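S.K.: Sequence and predicted structure, then a few things I'm wondering about:
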Amino acid sequence: MVSEEVVTLAHGSGGVETLRLVEELIAPRFKYKDYKGGIGLRELDDGATIPLNGFNLVISTDSYTVEPIFFPGGDIGKLAVTGSINDVVVMGAKPIVILDSIVVEEGFPLSYLRRILDSMAEVANREGVALVGGDFKVMPRGKVDRIIISTTCVGLVKRLITDAGLKVGDKLVISGTIAEHGAAILAAQMGMEVKGGLLSDCAPLTKLMEIALEVGGVTAAKDLTRGGLASALNEMARKSGVTVRIKEELIPIRNAVRRYSEMLGVDPLILASEGRALLGVEAKKAEELVRELRMRGFKDATVIGEVVGKGGKVLLETSVGGLRPLEPPSGEIVPRIC
Amino acid sequence: MGEVLDRFRDRALILKLAKLIKGLAKGLDKIRIMHVCGTHEHTITHYGLRHLMPPNVKLIAGPGCPVCIVPAREVDEAVKLALSGVTVYTYGDMYKVPGSKMSLAQARAKGGKVKVVYGFDDVLRKRVKEDSVFFAVGFETTAPTVASPLYEGRVPEVIKLLTSYRLTVPVLRYVLSLKASPIRGVICPGHVSAITGASAWEYVVKDFKIPAVIAGFEPLDVMIAVTEILKQLREGKARLVNEYSRVVSYEGNLRAKQYLKEVFEVVDGKWRGIGLVPLSKLKLKDEFSTWDARLYFEDKLRDIGEGDDIKPGCKCAEVILGIMEPKDCPMFMRACTPSKPLGPCMVSSEGTCHIWAKYGYLG
């Protein structure tokens, strides 16, 4: 019944289908999947690592397409630089250099390109990350949809943090309100003005991770991107081999986002964030971590649940006291009628 | 509005009702309560309400998912049109439902023209210039959104309608009439009732002598409905109660009903997984045949076969009717899983099997 012959949008939605495609189509073809025991294609973490004289080089690459290119709270340029930096910093690393690859459609306004590059530079300059190379190509009109940007970020770290290190008893901490990027993009695509405003949360997680590492006790970290909190929780639980129990009422969601996604019939738990991290932290350090984060600018940081045992599942205690498994998202995110 | 809604999601109140339900259910046999609405299933699943029920109270999803019960043949028609270059507009959840060979999502991946919309209004706003099709699925609730602009002459002739409307009032009667029906109480669909009026469900208590509660879609609404049904069962009564009186009147939406009557006729209709249900389908009346996609694209649709509704061995029919639980189906979680669904109940996130597949984890 499921056609295996063509690539569907679901394959690229960052959920179950994407994972299956990587595991079945890409990974088996490559004989070497890591370098000297570093993190590689088997782990499918946020980034890969190269062990280097007691240090780890962390590398992550990502392609960015977004509709619209300019959205409330950012644009494709800000997103592209921020996204790759975040994949590196959630592994505990300090990002040092970045490379970019830009493909543009013939006829794309130069003024747009300038704005996008300004955004890319602003993030890189503020973060102290050097742009050390890249590529720029133009495709004939109609052969590519306006602009695609790929970025690769490289960072350095001594002690790695992965997304597979959760232990029974650990607390799960979210760094802020979720689903804002996804909601802002959906609203923009629908041409909707939302009362109270929906802004993408797109922002580097560098400062956040600095605080987290300073406090200590962090056992796992992951940035929330496509697939949102549901995806991040499921990946962390599965890779760590543990079952986590989350309390829905503790998950910070802005009212505008909550109401808007409810109206559209889309679950905010599967909507993307581009400036939020999920952290696993030893129980004894959790309170201190949240306190520090809140004091230093992350006022919505909070504990949302804990690791309750072995397994690999995510259980959600609902806002009214019910219980259900929180599934990793699958398929395209499409609204429901019924 | 936010604050009003929050009261219907009040945790303390809902847990109090859960306690009450446990008390009422004590000593009773296995009680199967059926609802016939995708949004009720959504509420029950989303808020994890099954977890709050005592073991002898089962909440069963009847044929309330309008996309699951669209026969494969009608999906095939939409797929055929999309692949032949006609733009097909459809709802997000219809988009994923497989026909005999593929879903509209897969048709789009193969180059078919498929666009997801929130409703027929979206299509009307698009100022469509070339022949295109709206795949019009749904129950009594969504049908008026097409009937009213059609009746008022607001639908351009280039927008054709591939209608697959079905009616929940007759299908529930059909389900309850089955000899093996184990249903002891009914939660009537709130949105449908807003159109049909509470009066449409009088027959449940009169002809079948089982409690019926028209309920809203907040978790508190569902908990109240279950409480009311159990109370009636304990007292040996069967009454129709309108819990959703903030929206539903006894007569319903007279104007919408009028539009439906003017534009559609009610005929026998096939339901995927159930079969032919008497007087359960809406068909465009002859005076609106200009908009009938099946007539206009007759050439393209001529060679569409009967359609492959249910794979051999699949027990979706029994599951939809509440006779069988998913775990008793030999295909369940073996040949039929959420990522490779065989039957309609596994397809939609609101299908019973799909929900059981998820709940299996909870043991």
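M.R.: Arrived safely, thanks for sending. Numbering: from 1, shown residues only, chains lettered A, B, ... in the order given.
S.K.: where do the strands sit along chain B?
M.R.: B:31-35, B:57-61, B:87-90, B:114-116, B:132-138, B:159-165, B:183-188, B:212-214, B:240-242, B:264-271, B:275-284 (DSSP state E).
S.K.: Check the stretch 1-150 of chain A too.
M.R.: Using DSSP state E, counting those that start in this stretch, the strands of the stretch 1-150 of chain A run over residues A:48-52, A:55-64, A:70-71, A:74-75, A:94-105, A:130-139, A:147-157.
S.K.: can the ones you listed go into a markdown table with extra columns for mean neighbour count?
M.R.: Quick note: C-beta positions are derived from backbone N, CA and C, even for glycine. Converted to a markdown table, the strands of the stretch 1-150 of chain A look like this (neighbours: other CB atoms under 10 Å in any protein chain shown):
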| stretch | mean neighbour count |
| --- | --- |
| strand A:48-52 | 18 |
| strand A:55-64 | 20 |
| strand A:70-71 | 18 |
| strand A:74-75 | 22 |
| strand A:94-105 | 19 |
| strand A:130-139 | 13 |
| strand A:147-157 | 22 |
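S.K.: Could you point out which residue ranges in the stretch 201-338 of chain A have low pLDDT?
M.R.: Where the stretch 201-338 of chain A drops to pLDDT under 70, the residues are A:331-338.
S.K.: just to revisit the earlier point, let me know which of the strands of chain B is the nearest to A:Leu198.
M.R.: Nearest to A:Leu198, of all these, is strand B:114-116, at 20.3 Å by CB to CB.
S.K.: Kindly provide the distance from A:Glu24 to A:Thr18.
M.R.: A:Glu24 sits 11 Å away from A:Thr18, going by CB to CB, to the nearest Å.
S.K.: Look at these two and report which has more neighbours.
M.R.: With neighbours defined as other CB atoms under 10 Å in any protein chain shown, A:Glu24 and A:Thr18 compare such that A:Thr18 has more, 17 against 9.
S.K.: my guess is the more buried one contacts A:His11, does it?
M.R.: Yes - with contact defined as CB atoms under 8 Å, A:Thr18 reaches A:His11; the gap is 6.1 Å.
S.K.: Can you pull the residues of the stretch 101-250 of chain A lying near chain B?
M.R.: Proximity of the stretch 101-250 of chain A to chain B (CB under 8 Å from any CB of the partner chain) is limited to residues A:Glu249.
S.K.: What about the residue in the stretch 101-250 of chain A positioned nearest to chain B, how many residues nearby?
M.R.: Residue of the stretch 101-250 of chain A nearest chain B, by CB to the nearest CB: A:Glu249 (7.5 Å). By other CB under 10 Å, 12 other residues sit near A:Glu249.
S.K.: now it, nearest residue through space, not along the chain?
M.R.: Excluding its sequence neighbours, the residue lying closest to A:Glu249 (CB to CB, 6 or more residues apart in numbering or on different chains) is A:Ser319, at 4.9 Å.
S.K.: May I have the residues that are in contact with the one you found?
M.R.: A:Glu248, A:Glu249, B:Arg9, B:Arg11, B:Tyr47 (CB atoms under 8 Å, 6 or more residues apart in numbering or on different chains).
S.K.: let's go with 7 Å and repeat that
M.R.: A:Glu248, A:Glu249, B:Arg9, B:Arg11 (CB atoms under 7 Å, 6 or more residues apart in numbering or on different chains).
S.K.: Tell me the secondary structure of it, please.
M.R.: Under DSSP: H, G, I helix; E, B strand; the rest coil, the three-state class of A:Ser319 is coil.
S.K.: how far away is it from A:Val257?
M.R.: In terms of CB to CB, A:Ser319 sits 15 Å off from A:Val257.
S.K.: And the chain, what are its domain boundaries?
M.R.: Picked chain A for this. Domains of chain A are assigned by automatic domain parsing as A:56-157, A:171-325.
S.K.: wrong one, I was asking about chain B
M.R.: Using automatic domain parsing, chain B is parsed into the domains B:72-168+B:252-301, B:316-362.
S.K.: can the ones you listed go into a markdown table with extra columns for mean pLDDT, mean neighbour count and distance to chain A?
M.R.: Shown next, in a markdown table, are these (pLDDT from 0 to 100; neighbours: other CB atoms under 10 Å in any protein chain shown; distance: least, CB to the nearest CB, whole Å):
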| stretch | mean pLDDT | mean neighbour count | distance to chain A |
| --- | --- | --- | --- |
| domain B:72-168+B:252-301 | 94 | 20 | 3 |
| domain B:316-362 | 76 | 21 | 5 |
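S.K.: before we move on, the earlier item: from B:Leu49, how far out is the residue nearest to A:Glu249?
M.R.: 12 Å.
S.K.: Check the contact lists of these two and give me the overlap.
M.R.: Residues touching both A:Ser319 and B:Leu49 (CB under 7 Å, 6+ apart): there are none.
S.K.: quick one, what contacts the closest residue to B:Asp121 other than its chain neighbours?
M.R.: Leaving aside its sequence neighbours, B:Asp121 sits nearest to B:Thr145 (CB to CB, 6+ apart; 6.9 Å). Under the criterion of CB under 7 Å, 6+ apart, the neighbours of B:Thr145 are B:Gly119, B:Phe120, B:Asp121.
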